[in-house]
Structure formats: structure tokens, C-alpha cells
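J.: Attaching a predicted model along with its sequence, questions to come.
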Amino acid sequence: MGWGGYGHDEHGWRKGPWTPEEDKLLSEYVKLYGDGRWSSVSKCTGLKRSGKSCRLRWVNYLRPGLKRGQLTPQEEGIIIELHALWGNKWSTIASYLPGRTDNEIKNYWRTHFKKRSAPSAAFPRHYDHQQQTIVINSDQSSPSAATDDNNQLQEQIQLVADPLLAVDCQKQKQQEEDKNSTCEMMMNPGNYNQWPAQQYQLVPAAFGSGPIVEDWLWSGLWNFNDAIQ
DNA sequence: AACTCATACAACCGCCATTCC
DNA sequence: CGGAATGGCGGTTGTATGAGT
């Protein structure tokens, strides 16, 4: 990944790709002083990099816990859904994907979706709708199982009309009702032609846990995207 | 084998909000 | 209180790489 060699800006800061030596210096600095005092990195380490450049390098590349490699279908789904919610709030979206950076997500989105307009057309080429979507209420012989699923789903669904919070009782009550109806729709998707408005889409699987719930959410995601076309 | 194109990735830029002095 | 410094974020650019032709 070259930048055509190294250069310096008007302030004398080095530019271009980082060397292993620079990475080592930066890592050692953060180990000693923590991440946050970027402007003093050059003073303390002799690194000829601006604070901004150091921060970027740390956040996007050196920070511990970063995941490497291709995003999983689940992560892709989360990105798609959160982007529908918040737009290009990459750092916000990244906060729901542990180990992924806003830069990575931004790059991914631009590469895969930028040129496409319709949300449903935006799904990655390797995402398999048929594979991800499960048959809802397939176990008709066991009503109790369906009820359990419903209860489990109820716990996982959060309505996010206002992602920051429902403020008053009226809103909370309304949200509770919407939550119930959304759950009902997910349990019996065939009975509904129209999905709720965008503000009532589901919180992505990252908030919940377990393959069943994730599959439910995935199928809901697809219905939702079809609905908003 | 050579060329083209799409994708992945790293890094920079500019703007804005916050903090500091 | 106001200006400067700093940090954070979204947008953009440039190059490497691999697949397809």
C-alpha cells in the first residue's frame, strides 16, 4: 500500500505509510501515557508525525482488539441496518461492531453500496437471502415453542423511534404497543403486506444474542428492506 | 501473458466541536 | 469571554491486489 514514497508537510511532519519502527514508537507511547494526548507524541517519542496522524494510526491499525479480515454476514447486516437508521454516522455504527473501525466500515460501505441506490440492491453479493431467512413458525405442532420464541423475541426487540430514548409515558406506551405489533409481524410475516415505518425497525442482532434471535432479525431485516422500497 | 476493472485498504484533508489558556 | 490548540469525524484519494477477459 504505497503512497509514492515519503514526504513532509509544511510543518515538517512526516507523511505517507507508517514504518514498523514508527508503529513501535507509537505503541510504546500509548502504553506509557495512554491514548488521548496525541499532540505530545512527537515531543515524547521523537516521532515526526502529527497528533492527528498518530491518533488515526492507533485507532485504525495499532489499537488492541481490532479484527482483521472480511466482515461477516452478520456484521454486514448490522452495518446495513444501522446505516438505514443513522446514515453516515460511521463512528456510531462502528461502536456496535467491536473490533471494527469507522474507517473500515466507511470503506466497506463505499466499495459495496455507494453506486447503488435502492436499499434492497445494496446487499453484498455473497449474502444469501434464502440461506439466512428461516421459516417463521415452522414448528406449528408445538404452540408452546412458538410462544417461547415470541417471548424471547419480545425481549430482543427494542423500538428505536428515538434511538436515544423514549421520553414520556405516552411515547413509552406507544412504543410498547408498537413493539408488540412488530413482534407479531415477525412471528407471522405472511399476514402483513406492510412493515412498520422506518422508525420501528429492529435493533440489530448485536444487541441480542443467540442464533435464533439473529435469524429472526435477519428475516425481519429483509422484510423491512422490501417494505421501504 | 497482458490488460482492465473492481475491491480492499491505508492515509490524508477539511470541517466542526470541545477543551485549554 | 475569546482565541488557539486539539481531537474526532466524515469525505476523499491513491495504490496494491486479484479476478476476469
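T.: Looks like it arrived, so ask away.
J.: Return the residues of chain A in contact with DNA strand C.
T.: Neighbours of DNA strand C within chain A, by C-beta under 7 Å from any atom of the strand: A:1-4, A:36-39, A:51-52, A:55-56, A:88-92, A:102-103, A:106-107, A:110. (Glycine included, C-beta is placed from N, CA and C.)
J.: what does the domain assignment say about chain A?
T.: Domain ranges of chain A: A:7-62, A:67-127, A:130-229, per automatic domain parsing.
J.: Can you give me the distance of A:Glu81 to A:Asn107?
T.: Separation of A:Glu81 from A:Asn107 (C-beta to C-beta, to the nearest Å) stands at 19 Å.
J.: Around DNA strand B, pick out the residues from chain A.
T.: Going by C-beta under 7 Å from any atom of the strand, the residues of chain A near DNA strand B are A:1, A:3, A:9, A:14-18, A:52-53, A:56-57, A:60-61, A:68-70, A:103-104, A:106-108, A:110-112, A:125.
J.: List only those of the residues you listed flagged as buried.
T.: Taking 16 or more other C-beta atoms under 10 Å as the criterion, what is buried in the residues of chain A next to DNA strand B is A:14, A:18, A:53, A:56-57, A:104, A:106, A:108, A:112.
J.: Could you dump these into CSV and include secondary structure and distance to A:Leu25?
T.: Shown next, in CSV, are those (DSSP: H, G, I helix; E, B strand; the rest coil; distance: C-beta to C-beta, whole Å):
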residue, secondary structure, distance to A:Leu25
A:Arg14, strand, 12
A:Trp18, coil, 10
A:Ser53, helix, 13
A:Leu56, helix, 15
A:Arg57, helix, 11
A:Glu104, helix, 24
A:Lys106, helix, 27
A:Tyr108, helix, 30
A:His112, helix, 35
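J.: Pick the one among the residues you listed closest to A:Gly46.
T.: Set against A:Gly46, the nearest of those by C-beta to C-beta is A:Arg14 (11.3 Å).
J.: show me what contacts the closest residue to the closest one other than its chain neighbours?
T.: Ranked by C-beta to C-beta, 6 or more residues apart in numbering and with sequence neighbours excluded, the top spatial neighbour of A:Arg14 is A:Lys48, at 4.2 Å. By C-beta atoms under 8 Å, 6 or more residues apart in numbering, the contact set of A:Lys48 is A:8, A:12-14, A:42.
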